[in-house]
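Enquirer: my questions are about this predicted structure, shown below with the sequence.
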Amino acid sequence: MTAILITGGAGGIGRAIARRAAEAGWRPVTLDLRAPEAPLPGEVFIPCDFADAAASRAALAEAAARHAPTRLVNNVGIVRPALVEDTTLEDLAAVLDVNLRSAVLATQALLPAMRDAGFGRIVNIASRAALGKELRTAYAASKAGLIGLTRTWALELAAQGITVNAIGPGPIATELFRRANPDNSPKTRAIIEGVPVKRLGTPEDVAHCAAFFLDDRAGFVTGQVTYVCGGLTVGLAGV
């Protein structure tokens, strides 16, 4: 069974992508701090703290040795909101370590199997925040960096049958989002009203886009960034 490695795959967007992968007949190899509440058929869980470089390397080496995944979704991420004057170097380093370093380590770990197969699919989960968002100095920098990696790796790996693309989700109704934005709050209503399609996105919306990039037939698409944002990015671009 073809294996797909998903970082941060135990919940939210990562979980939706894992479910979609299982539906496609692939074996999800999930790396996260905590195990999924409901394992998928054939799923493999490997605990991993992506804030720890040594632990990340060990977990990724185990996944590569045991399962040789040729598909990778770099999804794991953290947010430490703050105004620029309140953003500490410690916060910046922590966000870059989890959001950016993890993608580099995961890609490096899986490249040998992809090269051996002459085939690979890498999807980086960036964010609309890469275009700018208040209180997101560290997070926006990390996601903009992920887009830069996407374009660079696409050029480096294309001739080896490996594609690299990114997804920039807009406001997605994950558990984390709903904790910060209760359904009935005026702030949440304002967010929804600002989205052209007049609703929040779902993890499944992002998973659907990821499924396209991960497909065998998507070999002529690489180095691209797709914003799954209900038209919000277009609206901002038109201001």
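Expert: Great, that's in hand.

Enquirer: show me what contacts the closest residue to Arg101 other than its chain neighbours?
Expert: Nearest residue to Arg101, sequence neighbours excluded (CB to CB, 6 or more residues apart in numbering): Ala53, at 6.7 Å. Quick note: C-beta positions are derived from backbone N, CA and C, even for glycine. Remark: with contacts taken as CB atoms under 8 Å, 6 or more residues apart in numbering, Ala53 is in contact with 97, 101, 105.

Enquirer: can you lay out the residues you listed as TSV showing pLDDT?
Expert: Written out in TSV, the entries for the contacts of Ala53 read as follows (pLDDT from 0 to 100):
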residue	pLDDT
Asp97	98
Arg101	98
Leu105	98
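
Enquirer: so can I have JSON lines of the residues you listed showing distance to His208, secondary structure and neighbour count?
Expert: Rendered in JSON lines, the data for those read as follows (distance: CB to CB, whole Å; DSSP: H, G, I helix; E, B strand; the rest coil; neighbours: other CB atoms under 10 Å):
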{"residue": "Asp97", "distance to His208": "30", "secondary structure": "helix", "neighbour count": "17"}
{"residue": "Arg101", "distance to His208": "28", "secondary structure": "helix", "neighbour count": "17"}
{"residue": "Leu105", "distance to His208": "27", "secondary structure": "helix", "neighbour count": "19"}
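
Enquirer: what about the longest helix in this structure?
Expert: Within the chain, and with DSSP state H defining each element, the longest helix by residue count is helix 137-157.

Enquirer: tell me the mean pLDDT for that helix?
Expert: When pLDDT is averaged over helix 137-157, the result is 98.

Enquirer: from Gly9, how far off is Ala35?
Expert: Distance from Ala35 to Gly9, counting by CB to CB, to the nearest Å: 10 Å.

Enquirer: and what of Arg15?
Expert: 6 Å.

Enquirer: can you list residues touching both of these two?
Expert: Common neighbours of Arg15 and Gly9, using CB under 8 Å, 6+ apart, are Pro36.

Enquirer: off-centre distance for the longest strand anywhere in the chain?
Expert: Within the chain, and with DSSP state E defining each element, the longest strand by residue count is strand 162-169. Strand 162-169 sits 9 Å away from the centroid of its parent chain (CA atoms, centre = their mean, to the nearest Å).

Enquirer: the protein: strands as residue ranges?
Expert: Secondary structure of the chain by DSSP E: the strands cover 3-7, 27-32, 44-47, 71-74, 120-125, 162-169, 225-228.

Enquirer: please identify the most buried of those.
Expert: Highest mean neighbour count of those: strand 71-74, a mean of 28 (counted as mean count of other CB atoms under 10 Å).

Enquirer: now the strands of the chain as CSV including mean pLDDT and distance to Asp183?
Expert: Conversion of the strands of the chain to CSV gives the following (pLDDT from 0 to 100; distance: least, CB to CB, whole Å):
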stretch, mean pLDDT, distance to Asp183
strand 3-7, 98, 28
strand 27-32, 98, 26
strand 44-47, 98, 31
strand 71-74, 98, 28
strand 120-125, 99, 24
strand 162-169, 98, 19
strand 225-228, 98, 21
